[in-house]
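J.: coords please:
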Amino acid sequence: MKNRILPYNPKLKALARELRKNSTLSEVLLWIQIKNKALGVEFHRQVPIDNFIVDFYCHELMLAIEIDGNTHEYEEVAVNDTRRQRILEMMGVRFLRLNDSFVKRDMNACLDIIWNKIEELHGR
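T.: Okay, here's the model as predicted:
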């Protein structure tokens, strides 16, 4: 199946590049584990979709992985996350959210969660 191209704001390309250069520790740790099709599908980092940027994205599965740090506990940030996720879900993007400290503390469990989601989306 051909990957569906989603629209994005070209003005976000430079910001996405900066975010890739300045990744959080949990983003770096997860990227080491999922890059180069390590889980059988290709992920990209800091991908612009519509007017937003997602942490990791698999075009084939239309799967976004977001790593939520402490700031996501603030109500305003949580409300914005929910709004943003709903908009992208209406475009067909599926989400998997992982807590920053969970990624650092238990990478194997995080990879199991991601693998199970990939299997689910592949219909296996």
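J.: If you tally nearby residues, what's the number for residue 68?
T.: 19 (other Cβ atoms under 10 Å). Every residue, glycine included, has its C-beta placed from N, CA and C.
J.: quick one: contacts for it?
T.: 81, 97, 98, 99, 100 (Cβ atoms under 8 Å, 6 or more residues apart in numbering).
J.: what's the burial count for the closest residue to residue 52 other than its chain neighbours?
T.: Nearest residue to residue 52, sequence neighbours excluded (Cβ to Cβ, 6 or more residues apart in numbering): residue 84, at 5.3 Å. Residue 84 has 18 neighbours, counted by other Cβ under 10 Å.
J.: if I look at residue 84, how far off is residue 116?
T.: Residue 84 sits 24 Å away from residue 116, taking Cβ to Cβ, to the nearest Å as the criterion.
J.: do the same with residue 35
T.: To residue 116, residue 35 is 19 Å away according to Cβ to Cβ.
J.: Looking at those two, which one has more neighbours?
T.: More neighbours surround residue 35 than the other of residue 35 and residue 116, with 14 against 11 (other Cβ under 10 Å).
J.: phi, psi of that one?
T.: phi -70, psi 170 (degrees, to the nearest 10).
J.: my read: it touches residue 56, true?
T.: No - look at residue 35 against residue 56 with Cβ atoms under 8 Å: they stay out of range, at 9.5 Å.
J.: what packs against the helix or strand bottoming out on mean pLDDT in the chain?
T.: Ranked by mean pLDDT, DSSP states H and E, the helix or strand of the chain with the weakest confidence is helix 75-90, at a mean of 89. In terms of contacts (3 or more Cβ pairs under 8 Å, 6 or more residues apart in numbering; DSSP states H and E), helix 75-90 is packed against strand 52-58, strand 63-68, strand 94-99.
J.: Could I get those in a markdown table, plus columns for mean pLDDT and distance to residue 41?
T.: Putting those into a markdown table (pLDDT from 0 to 100; distance: least, Cβ to Cβ, whole Å) gives the following:
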| stretch | mean pLDDT | distance to residue 41 |
| --- | --- | --- |
| strand 52-58 | 97 | 5 |
| strand 63-68 | 96 | 8 |
| strand 94-99 | 96 | 12 |
